[in-house]
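Asker: Let's see this in three dimensions:
(one chain, ligands or ions: 2)
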Amino acid sequence: METRFLGIPELAEAPSVAVVVDVMRAFTVAAWAFARGAEKIVLAESPEDALALKARHPGWVALKDGPPAPGFDAVNSPGLLRSADLAGRTVVQKTTAGTVGALAVREASLVLCAGFVVAEATARVLRTRECDRVTFVVTGEGGQADEDLACAQYIALRATETGTEATDFLRRAGESRAAAELAEGVRQGVHPDDVALCLELDRFPFAMVATSEGSLMVLRPSMQSAGPGR
Ligand SMILES: O=C(O)[C@H](CS(=O)(=O)O)OP(=O)(O)O
Ligand SMILES: [Mg+2]
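Answerer: Ligands and ions are numbered 1, 2, ... in the order given. Okay, here's the model as predicted:
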């Protein structure tokens, strides 16, 4: 498998297969939303777009990063979201890095959104579909965020060598700037368990696939059987 690891500003043309990685915290939050029953997640272009979508669909749950904000129902925190009842709900998510990265590759034929919590399920999709060229979008810090790069490198290895050990990749993520900022209260809308929840390897059995549905980009969980011997 040929791999590239690019930051959002480096994305020139649409890749064929994209794995968009945001460990802290957008796609850990997305996975928790599905675990709490959400049917789908609409990735919004802007906070205004998220609020406009919610105005058109009053039952939708609007979520954004940063502190709690008027009109929004939730913040981008796995620790805060893990007790929410989202059964059958549609979540509209807007964050600084993760949702922007996914929207930047919306023309790709396959878009997977990932963090450590869905690492093996994501790698399994790449194996099953026999993807030979994969672009990993390292969403944080212009492509320099080590929690995202470590996770992307782990998934890339895991897609070809199922025995790849995660310890060093998880350690790098735990030592990243994002982890420190979350722990030190620099970032807002945070629960004390957020970093630990973002580092839970394979917490969930599903991958997350984003597709265009009309004018919207929509993320849904995807279960793929492990197959024989995996
Ligand atoms: O919520 C997050 O962790 C970040 C935003 S910030 O860096 O805390 O301002 O957004 P994400 O898109 O999940 O990296
Ligand atoms: Mg991030």
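
Asker: surely Ala50 meets Thr95?
Answerer: No - Ala50 lies out of contact with Thr95 (Cβ atoms under 8 Å); the separation is 10.2 Å. No exception for glycine: its C-beta is placed from N, CA and C like everyone else's.

Asker: Doesn't Ala210 lie inside a strand?
Answerer: Yes - counting by DSSP: H, G, I helix; E, B strand; the rest coil, Ala210 falls inside a strand.

Asker: Can you pull the phi and psi angles for Arg129?
Answerer: Dihedral pair for Arg129: phi -80, psi 0, per degrees, to the nearest 10.

Asker: check contacts around it.
Answerer: Contact analysis of Arg129 by Cβ atoms under 8 Å, 6 or more residues apart in numbering lists 17, 110.

Asker: okay, the residue sitting nearest the centre point of the chain: pLDDT?
Answerer: The chain has Phe27 as the residue nearest its centroid, 2.3 Å off, counting by Cα atoms, centre = their mean. Per-residue pLDDT puts Phe27 at 98.

Asker: repeat for Thr164
Answerer: Listed pLDDT for Thr164 reads 88.

Asker: List the contacts of it.
Answerer: 154, 157-158.

Asker: and of those, the nearest to Arg82?
Answerer: Arg82 has its nearest neighbour among the contacts of Thr164 in Tyr154, at 23.0 Å by Cβ to Cβ.

Asker: For the closest one, which three-state class applies?
Answerer: Tyr154 - assigned by three-state DSSP - is helix.

Asker: Check the secondary structure at the closest residue to it other than its chain neighbours for me.
Answerer: Leaving aside its sequence neighbours, Tyr154 sits nearest to Phe169 (Cβ to Cβ, 6 or more residues apart in numbering; 4.0 Å). Under three-state DSSP, the three-state class of Phe169 is helix.

Asker: who's in contact with Val75?
Answerer: Applying Cβ under 8 Å, 6+ apart to Val75 gives the contacts 63-68, 188-189.

Asker: so how many other residues sit close to the closest residue to Glu200 other than its chain neighbours?
Answerer: Nearest residue to Glu200 in three dimensions, chain neighbours excluded: Val117, at 5.4 Å (Cβ to Cβ, 6+ apart). Neighbour count of Val117, defined by other Cβ atoms under 10 Å: 28.
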